[in-house]
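Visitor: Provided below are the primary sequence and the corresponding predicted coordinates.
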Amino acid sequence: MSEEVKHCPPRDITSLPTKFVLTACAAAMAELVTFPLDLTKTRLQIQGEASPRRFIGGHRAKPYRGMIQTAVGIVKEEGLFKLWQGITPAICRHIVYSGMRMVTYEKLRDSVLCKDKDGTFPLWKAVLGGMLGGALGQFLASPADLVKIQMQMEGRRRLEGKPPRVHGITQVFVKIVSEGGIRGLWAGWIPNVQRAALVSLGDLTTYDVVKQFLLRNTTLKDNSLCHGLSSICSGLVAATLGTPADVIKSRIMNQTRDNQGRGLQYKSTIDCLMKTTEREGFMALYKGFLPIWARMAPWSMTFWLTFEQIRRLTGVDSF
């Protein structure tokens, strides 16, 4: 026991709030830059659900068939700034989610799971830390994610001739609580947490493992080039692992609910998974993969480069 404890570097608990704030700043910057791709991805994922025929301006609406067409369609039909509809709850969500997952992962890595005798952090520990950090962070941030999803779909609902459900963040919260109580704020939290665990495994764990590999096995230094290469790998792995859970999460969160807060279209995560694959095929679980990857790549790079630079400028050790 003493052998393992010796290899756990001492941590200053007072530094955790500082790291949380630094993470929140980097996440907010990355979210602001890449949010239109998140909106595009959500519209693509919801598309195809069983619903009445859609009409826009007296004509039957054509389905979106790709990331670019979806984005262009939103701008033409709803306006340029609708690409950022739901950005406020998205930033709030990332402040909680990214802040908690990063702080949790670092705490587990440096003080609980600990590094091996040779100073390396084993892959299985990195996987465990990444998934636990992501799951905890997303559970706490799930209400903000629910609000974001519903706000993102409002523009499309109005164009389809459907009555508006919400007009602002406050009204969304009031509506959700009135329909399903406080528990209603965590509607869809299971696929949400599952997705977050997988995305965090792909993003956070991959970044840490690849970065340490590059530092130990190449001539690269702990600089922007190393951070950039690590973030490219993390974005690809995160998109591949997280897309199916993201599709299910979006559909469960977007569905209409009864007076008891129960979903009218899907009963559970498994029910949504089964109905989606039966009606639309297995590849429907990868709807929106291109915009997810196209977003995660710049998001991951923006976040990690900003995060590492902010830590360096404020005198905090490199991640």
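Guide: Done, it's in.
Visitor: in the stretch 1-150 of the chain, which spans are strands?
Guide: Using DSSP state E, counting those that start in this stretch, the strands found in the stretch 1-150 of the chain span residues 55-56, 59-60.
Visitor: And those, which one averages the lowest pLDDT?
Guide: Across these, strand 55-56 has the smallest mean pLDDT, namely a mean of 46.
Visitor: I'd like the distance between the nearest residue to Cys92 once chain neighbours are set aside and Phe173.
Guide: The shortest distance from Cys92 to any non-neighbouring residue, by CB to CB, 6 or more residues apart in numbering, is to Ala144 (4.6 Å). In short, each C-beta sits where N, CA and C put it, glycine included. Using CB to CB, to the nearest Å, one obtains 10 Å as the distance from Ala144 to Phe173.
Visitor: Between those two, point out the one with more neighbours.
Guide: Neighbours were counted for Ala144 and for Phe173 using other CB atoms under 10 Å; Ala144 has more, 23 against 18.
Visitor: was I right about that one contacting Gly86?
Guide: No: using CB atoms under 8 Å, Ala144 is not in contact with Gly86, being 9.9 Å away.
Visitor: wait, Pro296 sits on Tyr207?
Guide: Slight slip there: residue 296 is Met, not Pro. No: here Met296 lies out of contact with Tyr207, judged by CB under 8 Å, at a distance of 11.6 Å.
Visitor: Test my guess that Lys41 contacts Ile292.
Guide: Yes: judged on CB under 8 Å, Lys41 makes contact with Ile292 at a distance of 5.2 Å.
Visitor: Identify the contacts common to those two.
Guide: Taking CB atoms under 8 Å, 6 or more residues apart in numbering as the contact definition, Lys41 and Ile292 share the neighbouring residues Asp246.
Visitor: Pull the number of nearby residues for the nearest residue to Thr276 once chain neighbours are set aside.
Guide: Spatial nearest neighbour of Thr276, chain neighbours left out: Ala284 (5.2 Å); criterion: CB to CB, 6+ apart. Residues lying near Ala284 (other CB under 10 Å) number 20.
Visitor: do Gln69 as well
Guide: 14.
Visitor: what about it, distance to Ile149?
Guide: 21 Å.
Visitor: Next: Arg101.
Guide: 19 Å.
Visitor: In terms of neighbours, single out the busier of those two.
Guide: The neighbour comparison of Arg101 against Ile149 (other CB under 10 Å) goes to Arg101, with 30 against 26.
Visitor: Let me know the pLDDT of the nearest residue in space to Tyr266 that is not next to it in sequence.
Guide: Residue nearest to Tyr266 in three dimensions, not counting chain neighbours: Cys272, with 4.0 Å by CB to CB, 6+ apart. We have a pLDDT of 87 for Cys272.
Visitor: Return the list of helices and strands in contact with the helix or strand harbouring Cys272.
Guide: Cys272 belongs to helix 269-280 when assigned by DSSP states H and E. For helix 269-280, the elements it packs on are helix 189-200, helix 224-254, judged by 3 or more CB pairs under 8 Å, 6 or more residues apart in numbering; DSSP states H and E.
Visitor: Quick check: which of the ones you listed has the most neighbours on average?
Guide: helix 189-200 (a mean of 25; mean count of other CB atoms under 10 Å).
Visitor: That helix packs against which elements?
Guide: Counting by 3+ CB pairs under 8 Å, 6+ apart, helix 189-200 packs on helix 87-107, helix 123-152, helix 224-254, helix 269-280.
Visitor: who touches the following helix or strand past that helix?
Guide: Using DSSP H and E, the next helix or strand after helix 189-200 towards the C-terminus is helix 206-217. Helix 206-217 has contacts (CB under 8 Å, 6+ apart) with 105, 109, 120-121, 123, 126, 130, 220-222, 226-227, 229-231, 233-234, 237-238, 300, 304, 319.
Visitor: so who does the residue nearest the centre of the chain touch?
Guide: Closest residue to the average C-alpha location of the chain: Ala196 at 6.3 Å, with CA atoms, centre = their mean. By CB under 8 Å, 6+ apart, the residues touching Ala196 are 97, 101, 134-135, 137-139.
Visitor: One more: Arg109?
Guide: Counted by CB under 8 Å, 6+ apart, Arg109 has contacts 115, 121, 125-126, 129, 208.
Visitor: Thr120 too?
Guide: Taking CB under 8 Å, 6+ apart as the test, what Thr120 contacts is 212, 216.
Visitor: so how far is Leu80 from the residue nearest to the centre of the chain?
Guide: Distance of Ala196 to Leu80, given as CB to CB: 30 Å.
Visitor: Could you do Met29 as well?
Guide: Taken as CB to CB, the span from Met29 to Leu80 is 21 Å.
Visitor: more crowded one of the two?
Guide: Taking neighbours as other CB under 10 Å, Met29 and Leu80 compare with Met29 leading, 19 against 10.
Visitor: Roughly how far does the more buried one sit from Ala187?
Guide: Between Met29 and Ala187 the distance, using CB to CB, works out to 29 Å.
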